[in-house]
Every structure is written in structure tokens, then in C-alpha cells.
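**Q** I'd like to go over a predicted model; first the sequence, then the structure.
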Amino acid sequence: MSLFKLSPQALRAKKKKEVICGVTAYDYVSAKLAEMAGVDFILIGDSANMVMLGEEDTYSITMEEMLLFCKAVARGAPNTLRIGDMPFLSYHTSIEKAIENAGRFIKEGRCHGVKIEGGAEVVPLVKRLVSFGIPVLGHIGVTPQRSLELGGLKAQGKDFKTARELLSSAKALEKAGCFAIVLECVPSDLSKLITENLSIPTIGIGAGPFTDGQILVFHDVVGLLPGFRPKFVKSYINGFELLKSALEAYKKEVKEKAFPTEEHSFSINPQILERLKQKSKS
């Protein structure tokens, strides 16, 4: 696999040439499936805290936990562009600490870049990271690491002030060196305007059809999360019910002694078995 194909520059070059498809994945199996399906990139998201660890938000996930997920994805998708999501407080306390943590995503997590949430306030950090050779994927709109401040995960950019701020932030992030920007829960027409004003790709999630690409969480795509489903999610199979049915069928066969059969068993030389029987009697 060419290193260029794994570079953020290769993703950037797809703008206006082909629609970009990304998926958020967290482990070996989901990453392997994503790579076999041919997605353009995988984001190892801090949403792992909710999807994989069962927490109610993304705040408490640690660097060590994120790096563990990144390593698993790297093993499952060695030939796919991989971006690590910097968790809450891993880049907020100082630029020096942020550079150190971003470097760990590259060095230990085997990522090809990092994602950072925020607008104008993270521009100085983006510039520093890029200057040190660490590619950065921006993220504006709904930013889960600021959900407490925002009052929840609500669509952003619906009024003139916040819409203008999003457009300004997107331009500032591009100028700072981001290779692409995630737009989350942003009105479609505003996403279109932002996309038209940038020379780097926009990746939408709940941002309508006019972005340069789309991303969804693996578990949402295959229907593994029962219960509440955001408006912007589309599940292509009911994976939860399919897997539950398989487990129920397994349990039924075990209880009825229909599994395992001879087909699933190993054999021993009858002469050895006879010797063992005789030995057990003595």
C-alpha cells in the first residue's frame, strides 16, 4: 500500500473529484469490515466512550483508552487512512501537552492524523500541530466535548450569529492548516455555503447532502445500537436483532444438546482410549 494513499493529503485531493466516505470505528473487527468495504478513512472517535464503554457522554474517556482503540483499528485496517479523535482535556490545558498527546496518536496509536473539536479558539493549536508535521481534521457545529456548554447535542448555525461564526471558523481552520473539516448537525444550506467557500473537504454528519463527504458510526450503519436513533442516522441492517437471534439460536441448541455434534468435536485413537480405560480401573 502506497504511503500517499494513507495520507490526509490524498483525502484532501478528493474534493470536487469524488464523494468521500468515512466511518467511525473502534475495534479490530469493525475496522476490518470497514477496510474490506473500501471506505476512504476511519475515524477512531471519542464516542467510543458511549458506544464501546457504555457511558452517557464522551467526557470521561482517557488518552490510554483512546490509544487502545486506535491500536486495534490499526491492526484491523492497516491499509486505510486512520484519524484519532483527541479526547476532552487532552489538548485544552497547554499547547505543549496537546502536541505531546497528538504525537502519541501518531507514534503509539498508529494514526495518520488527529481530530480536534472547536473553531477560532483552537486555531493557534492547529497551526502548531501542523508545523510539527501532525495532520489535523477540524470539527465544528455540534461538538460533543462542549455539550454541557451548548445545553446538549443540538443543531448549530440556525441563526445569523452562529451561522456566521461557523463559516468564519471553517475559513480560519482551513487557513491554520486543517486538511478537512467535520460539520456535525449543521443546516444543509449552511453546510453547502461552507463547502463552497473552502478548498479543503467538508465531511458531514447530520449536515445534509452538499458536503464533500459523509461519516457515520459503524454501529449505527449496521444497526447495533437499540433504542434512540438520531435523525441523521441511517441503519442498513438491524444488526442488533440479527446478532440477538444468533445468540438465541445458540442457546437453544446448547440447552437441547443439539450443539456440539460430532462435526464440532475432536477424536482420539481408540487404542489409546482403551488403554486409558484399563488404567482407570487399576
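**A** Cool, the structure landed. Everything numeric in this text was worked out from a predicted model, so none of it was measured.
**Q** mind listing the strands for the stretch 51-200 of the chain?
**A** 81-85, 113-117, 136-141, 180-184 (DSSP state E, counting those that start in this stretch).
**Q** for residue 269, find the nearest of these.
**A** strand 81-85 (49.3 Å; CB to CB). To be clear about C-beta, it is placed using only N, CA and C from the backbone, and glycine gets the same treatment.
**Q** tell me the mean pLDDT over that closest one?
**A** Strand 81-85 shows a mean pLDDT of 98 in the predicted model.
**Q** what residues does that strand touch?
**A** Residues outside strand 81-85 that contact it (CB atoms under 8 Å, 6 or more residues apart in numbering) are 5-8, 10-11, 40-47, 66-67, 70, 73-74, 105, 109-115, 137.
**Q** now with 7 Å, please.
**A** Strand 81-85 has contacts (CB atoms under 7 Å, 6 or more residues apart in numbering) with 6, 8, 11, 40-46, 66, 70, 73-74, 105, 109, 111-115, 137.
**Q** kindly report the same for stretch 32-41.
**A** Contacts of stretch 32-41 (CB under 7 Å, 6+ apart): 11, 20-23, 25, 42, 76-77, 79-81, 83, 218.
**Q** and this structure, what are its domain boundaries?
**A** 4-237, 242-281 (automatic domain parsing).
**Q** and the closest residue to residue 15 other than its chain neighbours, what does it touch?
**A** Counting by CB to CB, 6 or more residues apart in numbering, residue 15 lies nearest to residue 201, which is 4.5 Å off, once chain neighbours are set aside. Shown in contact with residue 201 (CB under 7 Å, 6+ apart): 11-12, 14-15, 20, 180, 212-213.
**Q** most surrounded residue in the residues you listed?
**A** For these, counting by other CB atoms under 10 Å, the largest number of neighbours falls to residue 180: 29 neighbours.
**Q** kindly give the local confidence score, pLDDT, for that one.
**A** 98.
**Q** what pairs with it across the strands?
**A** Counting by DSSP bridges, residue 180 forms beta bridges with residue 137.
**Q** quick check: it touching residue 136?
**A** No - if you go by CB atoms under 7 Å, residue 180 and residue 136 don't touch, sitting 9.1 Å apart.
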